[in-house]
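A.B. asks: attaching a predicted model along with its sequence, questions to come.
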Amino acid sequence: MFGGIDPALLISALMVASVPIILAAIGELVVERAGVLNLGVEGMMIMGAVCGFIVSVQSGSAVLGFVGGALGGAAMALIFGVLTQFLLANQVASGLALTLFGLGLSSLMGQSFVGIRPPATGAVPFGPLADIPFFGRVLFSHDWVVYLSIASVAATWWMLKATRTGLILRAVGESHDAAHALGYKVRRIRMLAILFGGAMAGLGGAYISMVRVPQWTDGITSGAGWIALAIVVFAAWRPWRALVGAYLFGGISVLQLNLQAAGARIPVEYLSMSPYLITILVLVIMSSGKGKAALNAPASLGQNFHASR
Amino acid sequence: MTRPELLRVEGVTKAYPGVVANSDVSFAISEGEIHALLGENGAGKSTLVKMIYGLVKPDSGRMTLRGAAYTPAEPRAARASGVAMVFQHFSLFEALNVAENVALGMENPPPMKELASRIRQVSADYGLPLDPNRMVGDLSAGERQRVEIVRCLLQDPKLLIMDEPTSVLTPQEVEILFRTLRQLSAEGTAILYISHKLEEIRTLCDEATILRRGKVVATCTPRDRSAREMAELMIGATLTPPERAGGTKGATALEVVDLSVASPIPFGTSLKNVSFRVAKGEVLGIAGVAGNGQDELLLALSGEVRAAQGAVKIDGAGVGHTGPNDRRALGLVAAPEERLGHAAAPDMSLVENALLSGALRKGLTTRGFIDWTATEAFAAGIVKDFDVRTPGTHVAARALSGGNLQKFVVGRELSQTPSVIVINQPTWGVDAAAAASIRQAILDRAAGGAAVVVISQDLDELLEIADTFAALNEGRLTQPRPVAGLTIDEIGLMMGGAHGMEVAHHGH
C-alpha cells in the first residue's frame, strides 16, 4: 500500500524491535506463573538499561554489558522480593514503587553517560546462510541477543511443560497453601522466580540502550515494561503466545515508523500512541466478562503467602 | 493377635502464642491398625498429625518409628519414612491434571506416561477409578479425595494419616472408602484416622485416642463403647440436644421457581432449574457434597447473583433481579459459608462488621451518618447473646477464632428479626456446645415464624433441625421430602449415590 516498505526489512526490523519486550515478558511470565505480580518491570528494565550501558562503556565489552544489565535488573527484583516475600508488602504497590524508583535512580546513574556510544553488539556470522534471498535477511542477519530471546521462549516453554521444576513452579502459583502442605518452599521458589524475572527484564533493558537506540537518555525504555506486562496477560501466561504477542506489538511499532517514513497522511502522534492504545484495548478485552480461570491466570496471582500453623 | 509396633509418640508438647495445642500427648499405633484420633475442633488433632507429617516441629517429647528415633524435619522426610497424609482441606491444584497433582506429592515421580498407567492400576486395585488426564478443578469432592488417596498409595505407605476424610462424601462413598481402608489395613498399612464422627469410628477403628484441649483424656476400643460415652469423653460434659417447639406452619414465605444461574466461581457449579418453597415456621435442610452448587444457591438467594425476577419470591413478590439490600428490606438475611472475606471483612472491627449487614434492618444510619452508639449496642448484643469469646467489640474480625467468628456472623443475621433466613454451613468449625446453641437459635427463629433454609454438609445436623430435606447434586435440587421417615440410604441416593465409585476388588 505504501511503496517504500520492504517486507524482508520490515520483518527483520520487527524481530529486533521485539527483543526487549520478549525478554521482559518471558521473565514476568515466569514470575506470574509462580503467583507473584511484579508491576515493576519498567523499573527493572530501565535499571538494566543503565547498568548495561555503564558496564559496556567502562569495560568495552558488549557481553559484559548484558551481564551487568541482567544483574542490575535482578538487584531491583531482589528489593521487590524482600519487600513482598519476607515483609509481606502489597505486591501492586511495591511493583509501582519499584518502577518509580528505577526511573529516578537510572536517571541519576546515567547523568555522565549521555551522548556516548556503547560498544557494538555484532551480528552472528552465518556465512552463506545470510545470503539466501529474503530468509537470509529475515532469519540470519541478527545479533546473538535476538536468538537468545527466541531460545529463552523455547526454554521457558519446555521448562514449564516438561520438567519437574516447571511443575513445582506452576503448583506454587496455583495454590501456595497446597504447595506448602506438600512441603515445597514457597518463598524460596518465588524469590528465585522474581530474580529470574528481574534478570530477564534487565537484559531487555540493556538491549534497548546498547543496541536499539544505542545511547543513554533518561526514560529510554519509554513504556516497554508496561507493554511486556500486557503481553503476559494477552498471551494467557503461555510462552509461545508471548512471542507472538511481542512480534505483533513490535510489528506495530516498526510499521508505525515505516508508515511515517513512507509519508502516511495520519498525524505522527496517532501512530506513536498506537502500540499503547492497543495494549490498553487488549487488556480490556482479555479481562472483560470471563473470570480469571477462563484466562488461565495462576490462581494465587498477587496473593502474599504466609505460612500459618 | 499382637502386631509389631509402628509408631510411638511420647510426651509431645506444642505451644503456639497464647494457646497450647498439644500438651504431653502419648499414644502408639501398631502395623495394620486403624487408630482413631478423636476430639472436637481445636482439640489439637490437626497439630498432632502435622507433627507426625513433619509440617510442624514439637517443642518437646519424642517420636519413634519402628523403634528408631523419628524426627521428620519436613514432609519430604516423613514421606521417605513411609508416612503419607490425606488432607482435610485438599492439598490439590485445581488447574493441574490428576497425574501432575500426584507427581507433586511424590519424591521421585516416574515419567508422566508411566505415572499415568500406575495411577490407573492402583486406582483399579482399590476401586477408586481415576482418569490421570482430567483437570482436578473439574472433579467432584469425592473424586478429589481419591486423587489424594491414590497419591499416598503410590508411595506404598506404612502409615496413612487421614484428616476428616468423610466430611465431603455421600454415605455410599463413605462405605466404599471404608472398604478400601480395611483392605489397606489387611495388607499391613497402619491408618491414623481423624474424625469427630463417632459412629464411623465405631464401625471402622480398632483403637481410639481421645483428645480434649490438647491433652489425651482417654484411650478406648471404640467397638466396646457407645457413641454417647465417647462424645462425653470428647466434650467433657453432657450435651443437651436442641428442643423443637413443633410449631405450626404458615403461608409460603420463600419460593424459588425454576432458578438457573451460571456460577460466578471458577470451577463452580451452575444451578439448574432449582425449585422449592419454604413456609413460615418451616426449616428446609439442603444437603449435598461440597461443590455441588451450595455456594451458588446462597449467592442466588442472598441477591449477590441476580436471576430472573420471578425466580425468587419473598412473600409472593418477585425479587430475583434485586440485590442484597432490597432483599434485606423484605426480611431475607443470609450467612455464607466463608467467614473471612465473605461474611465478615477481616480487618474491620466487629462493630463495623455488624454495621455492614445490620445497617438497614436495625436502622443504624440516619441520612448517611452512622449511629455508632446503636451499632456498638447491636454488636455487643450479638456478642452477649451468642456467647462470642472476644476481648471486646473493637477487635478485628480476623483476630477471632473460626468458631467464635462463626457465632458472630450467624448471630448478626439472626438478630435482625428476619422473616426468611438462609444459612450455609451454620456450625462449620464450631465446637459441639456452641453448635447446639446456634441450632437452638435457628429453631427459635423458626418457631417465631421465620422461614429457614439451612445448607449443610453435616447430615446429622440437618436431620436434627430440618422439617423437610432436599439435596443438591451437580447444581440440581431434588424434590424436598419430609425428614420424618427418611433413611440414610435414601439420603445418600438423593445426594447422588456413589458418584461412579466401585467397591474395592479384593484378592487381586
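C.D. replies: In hand now; what should we look at?
A.B. asks: report the buried residues of stretch B:121-136.
C.D. replies: Along stretch B:121-136, these residues count as buried under the neighbour rule (16 or more other C-beta atoms under 10 Å in any protein chain shown): B:Val122, B:Ser123, B:Tyr126, B:Gly127, B:Leu128, B:Leu130, B:Pro132, B:Met135, B:Val136. C-beta: built from backbone N, CA, C; applies to glycine.
A.B. asks: I should have written stretch B:353-372 there, sorry.
C.D. replies: Buried residues in stretch B:353-372 (16+ other C-beta under 10 Å): B:Asn353, B:Ala354, B:Leu355, B:Ser357, B:Gly358, B:Ala359, B:Arg361, B:Lys362, B:Leu364, B:Asp371.
A.B. asks: what of stretch B:72-89?
C.D. replies: Those would be B:72, B:74-75, B:77-79, B:81-88, for stretch B:72-89 by 16+ other C-beta under 10 Å.
A.B. asks: ok, and which of the residues you listed reach chain A?
C.D. replies: For chain A, the contacts drawn from the buried residues of stretch B:72-89 by C-beta under 8 Å from any C-beta of the partner chain are B:Glu74, B:Pro75, B:Arg79, B:Phe87.
A.B. asks: keep only those of these that are in helices.
C.D. replies: B:Pro75, B:Arg79 (DSSP state H).
A.B. asks: quick one on the thing from earlier: what is the nearest of the buried residues of stretch B:121-136 to A:Ser152?
C.D. replies: Checking the buried residues of stretch B:121-136 against A:Ser152 with C-beta to C-beta, the nearest one is B:Met135 at 28.1 Å.
A.B. asks: quick revisit: which of the ones next to chain A among the buried residues of stretch B:72-89 sits closest to B:Leu154?
C.D. replies: For those, with B:Leu154 as the reference and C-beta to C-beta as the criterion, the closest is B:Arg79, at 10.8 Å.
A.B. asks: check contacts around residue 135.
C.D. replies: Using chain A here. By C-beta atoms under 8 Å, 6 or more residues apart in numbering or on different chains, the contact list for A:Phe135 is empty.
A.B. asks: other chain: chain B
C.D. replies: With C-beta under 8 Å, 6+ apart, B:Met135 has these contacts: B:Glu94, B:Ala95, B:Leu96, B:Asn97.
A.B. asks: residues in contact with the third one?
C.D. replies: Read it as B:Leu96. A:Leu167, A:Arg170, A:Ala171, A:Glu174, B:Leu104, B:Met135, B:Val136.
A.B. asks: counting neighbours, which of these comes out on top?
C.D. replies: A:Ala171 (30 neighbours; other C-beta atoms under 10 Å in any protein chain shown).
A.B. asks: any idea how far it lies from chain B?
C.D. replies: Per C-beta to the nearest C-beta, to the nearest Å, A:Ala171 is found 5 Å from chain B.
A.B. asks: that residue: what's it in contact with?
C.D. replies: A:Ala178, A:Ala179, A:Leu182, A:Tyr184, B:Phe93, B:Leu96, B:Glu100, B:Leu104.
A.B. asks: apply 6 Å and report the result again.
C.D. replies: A:Ala171 makes contact with A:Ala179, B:Phe93, B:Leu104 under the criterion C-beta atoms under 6 Å, 6 or more residues apart in numbering or on different chains.
A.B. asks: swap in A:Gly81?
C.D. replies: A:Met191, A:Ile194.
A.B. asks: can you rerun that using 7 Å?
C.D. replies: A:Met191, A:Ile194, A:Leu195 (C-beta atoms under 7 Å, 6 or more residues apart in numbering or on different chains).
A.B. asks: do A:His306 as well
C.D. replies: Shown in contact with A:His306 (C-beta under 7 Å, 6+ apart): A:Leu88.
A.B. asks: cool, B:Val122 as well?
C.D. replies: B:Val122 neighbours (C-beta under 7 Å, 6+ apart): B:Val150, B:Leu153, B:Leu154.
A.B. asks: the first one touches B:Ser123, doesn't it?
C.D. replies: Yes. Counting by C-beta atoms under 7 Å, B:Val150 touches B:Ser123, with 5.3 Å between them.
A.B. asks: identify the contacts common to these two.
C.D. replies: Joint contacts of B:Val150 and B:Ser123 (C-beta under 7 Å, 6+ apart) are B:Leu130.
A.B. asks: how about the residues of the stretch 1-150 of chain B near chain A?
C.D. replies: B:16, B:47, B:55, B:74-76, B:87, B:91-96, B:100, B:103-105 (C-beta under 7 Å from any C-beta of the partner chain).
A.B. asks: part of a strand, is B:Lys272?
C.D. replies: Yes. Judged by DSSP: H, G, I helix; E, B strand; the rest coil, B:Lys272 forms part of a strand.
A.B. asks: let me see the contact set for the nearest residue to it once chain neighbours are set aside.
C.D. replies: Leaving aside its chain neighbours, B:Lys272 sits nearest to B:Gly475 (4.6 Å; criterion: C-beta to C-beta, 6 or more residues apart in numbering or on different chains). B:Gly475 is in contact with B:Thr269, B:Ser270, B:Leu271, B:Lys272, B:Asn292, B:Gly293, counting by C-beta under 7 Å, 6+ apart.
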